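sequence first, then the predicted structure:
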Amino acid sequence: MCEEMNNKRIPQALFNANIEFNVYQYDPFLEFFDWNENEEKWKPKGKNLLIKDEVGVGKTIETGIIIKEFLKYKKNAKILIVVPVSYLCLQWRNELSKLFFIDFYDYKHQKCDN
């Protein structure tokens, strides 16, 4: 898994994030991205990804790393985050903003920051 990542291949999303890194949180990233040797950058594999896990293991961080790197690849990307209850929508919004500086449209609350 992480042997694929050397200093050159660390996603830039990690350098601009306000998080502590855990190795297992890179697994979803490596499921979604491949390293392109010719261009020396991460490129999406062209498939969808569902991130699900127990409470408190870092789904927000895993998702934030993927979104931030994907937005470098495709600036006007449309990304859907589905949460089961409305208070989690606000929590995700706050965490992605605080940890990754990502603002997004909140369908439930009809707010659009950026």
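Looks like it arrived, so ask away.

now this protein, which segments are flagged as low pLDDT?
Within the chain, the stretches with pLDDT under 70 are 1-8, 86, 105-114.

can you pull out the helices in it?
Assigned by DSSP state H, the helices in the chain fall at 27-32, 59-73, 86-100.

so which of the ones you listed is the most packed in?
Greatest average neighbour count among the helices of the chain goes to helix 59-73 (a mean of 20), per mean count of other Cβ atoms under 10 Å. Quick note: C-beta positions are derived from backbone N, CA and C, even for glycine.

what packs against it?
Applying 3 or more Cβ pairs under 8 Å, 6 or more residues apart in numbering; DSSP states H and E, one finds that helix 59-73 contacts helix 27-32, strand 41-44, helix 86-100.

and these: which comes nearest Thr60?
In terms of Cβ to Cβ, the element of those nearest to Thr60 is helix 86-100, at 4.8 Å.

in CSV, list the C-alpha atoms belonging to the closest one.
Extracted C-alpha coordinates of helix 86-100, given in CSV (Å, rounded to 0.1, in the frame of the first residue of the first chain):
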residue,chain,number,x,y,z
SER,A,86,-29.1,16.2,9.0
TYR,A,87,-26.8,17.0,11.9
LEU,A,88,-24.1,14.9,10.2
CYS,A,89,-24.5,17.2,7.1
LEU,A,90,-23.5,20.2,9.2
GLN,A,91,-20.7,18.2,10.8
TRP,A,92,-19.2,17.1,7.5
ARG,A,93,-19.5,20.6,6.1
ASN,A,94,-17.7,22.0,9.2
GLU,A,95,-15.0,19.4,9.2
LEU,A,96,-14.2,19.6,5.5
SER,A,97,-14.0,23.4,5.8
LYS,A,98,-11.8,23.3,8.9
LEU,A,99,-9.5,20.4,8.0
PHE,A,100,-9.3,20.8,4.2
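
show me how far that helix is from its chain's centre.
On the basis of Cα atoms, centre = their mean, to the nearest Å, helix 86-100 sits 13 Å off its chain's mean C-alpha point.
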